[in-house]
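> A structural model of the following input is requested.
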Amino acid sequence: MSKKVVAIVGSYRKGGVVDRTVEAILEGAREKGAETHTIYLTEQHINFCTNCRQCTQTPGVERGKCAQQDCLESILTEIEAADSLVLGSPVNYYNVTAIFRRFLERLLGYFYWPWGQNLLTQRSKLQPRKAVLVSSAGMPGLLIPIATGASRALRLTAKMLGARPVGSLWIGLAAGEPHSPLSARTLGRARRMGMKLA
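Numbering: from 1, shown residues only. Prediction:
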């Protein structure tokens with residue numbers, strides 16, 4: 001049976017650096033026989049978390065369900081059926097985009113946090129999925145995990161979704177022109193990472 005790889009893209013621009021890098025990763029996964037699907041957060045109806053904490057009240061390892069009626073449940077159901085994930089967001093104001101952050105905040109149901117308890121507990125420590133993390137910025141790529149919160153936000157998202165990062169691509173100097181080209185080296189690395197996910 002073929003593996004399934006799901007990509008979550010928090011970029012506002014289709015065809016931008018993050019989108020093209022994610023697609024190169026998925027191409028590598030498809031070369032190894034994987035089935036792939038990209039979820040663009042800009043195309044989903046995802047409400048803001050209201051911090052009602054209803055999703056955190058019931059004990060157990062199963063994810064708590066959100067009371068809001070939007071696209072989140074179908075997205076998480078698809079992710080939970082996947083073998084691997086690709087999580088991508090450009091850096092905006094030193095962190096992931098607001099739309100990616102909105103998605104991240106809605107993952108609270110993966111924690112048990114009853115009223116009266118000061119600390120929250122992750123429902124499951126299992127990490128059955130692999131993940132590749134992708135971000136781009138105008139600064140040099142090596143500074144993305146040092147000078148921004150993007151790396152931490154992407155890693156936290158992977159952890160909450162039961163995925164362990166097996167690779168990351170931090171693409172720098174991506175603001176020099178409207179459609180910054182991707183180097184052959186970056187595309188090659190992306191495809192190889194995709195093969196690891198399949």
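> Please make it C-alpha for all contacts and neighbour counts, starting now.
Will do.
> show me what contacts the closest residue to E35 other than its chain neighbours?
What sits nearest to E35 in space, not counting adjacent residues and going by Cα to Cα, 6 or more residues apart in numbering, is K4, at 4.8 Å. Applying Cα atoms under 8 Å, 6 or more residues apart in numbering to K4 gives the contacts 34-36, 81-84, 198.
> Report the beta-bridge partners for the residue positioned nearest the centre of the chain.
Central residue of the chain (Cα atoms, centre = their mean): L87, 2.8 Å from the mean position. With DSSP bridges as the criterion, L87 is bridged to I8, L133.
> which residues sit in contact with it?
7-9, 131-134, 154, 158.
> what would these look like in TSV with pLDDT, distance to I75 and neighbour count?
Formatted as TSV, the contacts of L87 follow (pLDDT from 0 to 100; distance: Cα to Cα, whole Å; neighbours: other Cα atoms under 10 Å):
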residue	pLDDT	distance to I75	neighbour count
A7	98	11	25
I8	98	9	21
V9	98	12	24
A131	97	16	30
V132	98	18	27
L133	98	18	23
V134	98	19	26
L154	98	17	27
A158	97	14	23
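> now the strands for the chain?
Secondary structure of the chain (DSSP state E): strands at 4-9, 35-40, 84-88, 111-112, 121-122, 129-136, 163-171.
> Highest mean neighbour count out of these?
Greatest average neighbour count among those goes to strand 84-88 (a mean of 28), per mean count of other Cα atoms under 10 Å.
> Export only the CA atoms of it, formatted as CSV.
Written as CSV, here are the backbone C-alpha positions of strand 84-88 (Å, rounded to 0.1, in the frame of the first residue of the first chain):
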residue,chain,number,x,y,z
SER,A,84,4.1,11.9,6.7
LEU,A,85,3.7,15.6,6.7
VAL,A,86,5.3,18.7,5.1
LEU,A,87,4.7,21.9,7.1
GLY,A,88,5.6,25.1,5.3
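> In this protein, what residue spans correspond to helices?
17-31, 72-80, 98-105, 144-147, 150-160, 184-197 (DSSP state H).
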